[in-house]
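[1] starting from these lines, generate the structure:
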Amino acid sequence: MKAELLSIGTELLLGQIVDTNANYLAGRLALLGIDCLYMQTVGDNLGRARQAFERALGRSDLVVATGGLGPTEDDLTREAIAAALGETPSIDPALEAELVAWFSGRGLAMPDRNRKQAWLIPSAHALLNPNGTAPGWDVQKDGRRIVAMPGVPREMMPMWESVEPSLTRGGSLRWRTLKLLGIGESAVEEKLGELVRSTSPTVATYAKNDGVHVRVADKASAPEEADQHVAEMEKKIRERLGEYVWGTDDETLPSVIGRRLQARGWRLAVAESLSAGDIARSLADAPGADRWFAGAIVRPSADAATLETEGRRLGGEVLLLTPHGAETCELRAITPARTRRLDIRFRSPADGRRRALLSGLDLLRRTLAD
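    Take a look at the predicted model:
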């Protein structure tokens, strides 16, 4: 089955909101083993929205649309679907009664403009919305299917979960993301060698803000089979790159560091100059940081000796230092057992700040793993 996502709303094109719906739905389709091959975004314009649906129906078996199901004049998804299919919408009495009851239950009279939310076309049935007034549409015609849902995530997600069981399962897609630091993307690909040319499972590398990600993905008729293929490939990758792997999937560096600190019963203090407080902000956002993060100080243009003196006052057993530097800097991670150093080079203050953040966190991770 080939699927396509269609996001409707001028606010998306203006950059006023981020399309988190498409991100969520793409992931859900993948877990169902359904190939999402296209994504479209279109504004609140009937002609362009109709064309977007026609285009999607011409190349995809399943079209999943979000947005444009409200009661206002610029909510045009129903009209666009009806026009694309050549059908005429009409008020469904049962839906109208539910809408009237929803408003009366809140002591309100239903505005006349909300009646369009009770529309249906002959090839559609309504998807109930327990969290709002906009029912979705489930349209099936000529071997194609359109699932249209509200754009509000808290309304869309439960609605989509009610649709999922009815979708044809074309297999299961499973994946694993390994996260690496201390090595560049080209070097990662070189070490992986022939593994990046594998077609089952596939192996792909991505440069990210927290290092290099290696994603392993496989599609099989059963999820257990796909999981096994992914696990076997992960083992091969770790044999070649294990020293650089700091986490997987949704893990973050601060959460990994926090677990290792707690395992040893240590607390961490950070004294920053080059990283300008970025490490402290990153660590403080980690869940449960209050149990292992003693605190931080930030001193512009401070050397290692100054930072160590002031950092010791915070009381942590582990201390991370990021001294000031012009083009180079020696980071230090100090534990009760040892001191580990790492020299970094950078081209500008902004580059130094970024490198100090990532390298400092990775230095901590490696030190705590010893």
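
[2] show me what contacts the closest residue in space to P336 that isn't next to it in sequence?
    Sequence neighbours aside, E317 is the residue nearest to P336 in space, at 5.6 Å (criterion: CB to CB, 6 or more residues apart in numbering). Quick note: C-beta positions are derived from backbone N, CA and C, even for glycine. Counting by CB atoms under 8 Å, 6 or more residues apart in numbering, E317 touches 266-268, 335-336.

[3] if any of the residues you listed are buried, give me the ChimeraX selection for them.
    Only the buried members of these end up in this ChimeraX selection, burial being decided by 16 or more other CB atoms under 10 Å:
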select :266,267,268,335
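
[4] and which of the contacts of E317 is nearest Q140?
    The closest of those to Q140 turns out to be L268 (CB to CB; 56.5 Å).

[5] please flag which of the contacts of E317 sit within strands.
    L268 (DSSP state E).

[6] now render the contacts of E317 as TSV, adding distance to S221 and pLDDT.
    Converted to TSV, the contacts of E317 look like this (distance: CB to CB, whole Å; pLDDT from 0 to 100):
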residue	distance to S221	pLDDT
W266	47	97
R267	49	97
L268	47	97
T335	49	96
P336	53	94
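
[7] can I get the contacts of E317 in TSV including distance to A326?
    What follows is these, written out as TSV (distance: CB to CB, whole Å):
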residue	distance to A326
W266	32
R267	32
L268	27
T335	28
P336	32
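
[8] which of the contacts of E317 lies closest to A276?
    Out of those, the member with the shortest distance to A276 (by CB to CB) is L268, at 18.0 Å.

[9] tell me where this structure has helices.
    For the chain, applying DSSP state H gives helices covering 10-13, 20-31, 46-57, 77-85, 93-104, 153-163, 185-192, 223-241, 253-264, 278-284, 304-312, 349-369.

[10] point out the most buried one among those.
    Comparing the helices of the chain by mean neighbour count (mean count of other CB atoms under 10 Å), helix 77-85 ranks first with a mean of 22.

[11] between it and helix 46-57, how many degrees?
    Counting by axes from the mean of the first three to the mean of the last three CA atoms, to 10 degrees, helix 77-85 lies at 60 degrees to helix 46-57.

[12] got a list of contacts for helix 77-85?
    With CB under 8 Å, 6+ apart, helix 77-85 has contacts from 8, 46, 49-50, 52-54, 57, 65, 67-69, 88-89, 116, 119, 121, 123-124, 137, 139, 141, 146, 148.

[13] average pLDDT for it?
    Summarised as a single mean, pLDDT over helix 77-85 is 97.

[14] need the CA coordinates for that helix. PDB is fine.
    Output of helix 77-85 as PDB, limited to C-alpha atoms (Å, rounded to 0.1, in the frame of the first residue of the first chain):
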ATOM      1  CA  THR A  77     -11.200  20.200   3.400                       C
ATOM      2  CA  ARG A  78     -14.700  18.800   3.100                       C
ATOM      3  CA  GLU A  79     -15.400  20.900   0.000                       C
ATOM      4  CA  ALA A  80     -12.100  20.000  -1.500                       C
ATOM      5  CA  ILE A  81     -12.600  16.200  -1.100                       C
ATOM      6  CA  ALA A  82     -16.100  16.500  -2.400                       C
ATOM      7  CA  ALA A  83     -15.000  18.400  -5.500                       C
ATOM      8  CA  ALA A  84     -12.100  16.000  -6.100                       C
ATOM      9  CA  LEU A  85     -14.500  13.000  -6.100                       C
END
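
[15] now that helix, how far from the centre of its chain.
    31 Å (CA atoms, centre = their mean, to the nearest Å).

[16] could you do stretch 97-107 as well?
    Worked out by CA atoms, centre = their mean, stretch 97-107 lies 36 Å from the chain centre.

[17] got the end-to-end distance for stretch 155-173?
    26 Å (CA to CA, to the nearest Å).

[18] er, stretch 86-105 I mean
    First-to-last residue span, stretch 86-105, CA to CA: 36 Å.

[19] try stretch 181-201
    For stretch 181-201, the end-to-end distance is 23 Å (CA to CA).

[20] tell me which residues are up against that stretch.
    By CB under 8 Å, 6+ apart, stretch 181-201 touches 180, 203-207, 210-212, 214, 216-219, 226, 229-230, 233, 236-237, 240-241, 243-244, 246, 253, 358-359, 361-362, 365.
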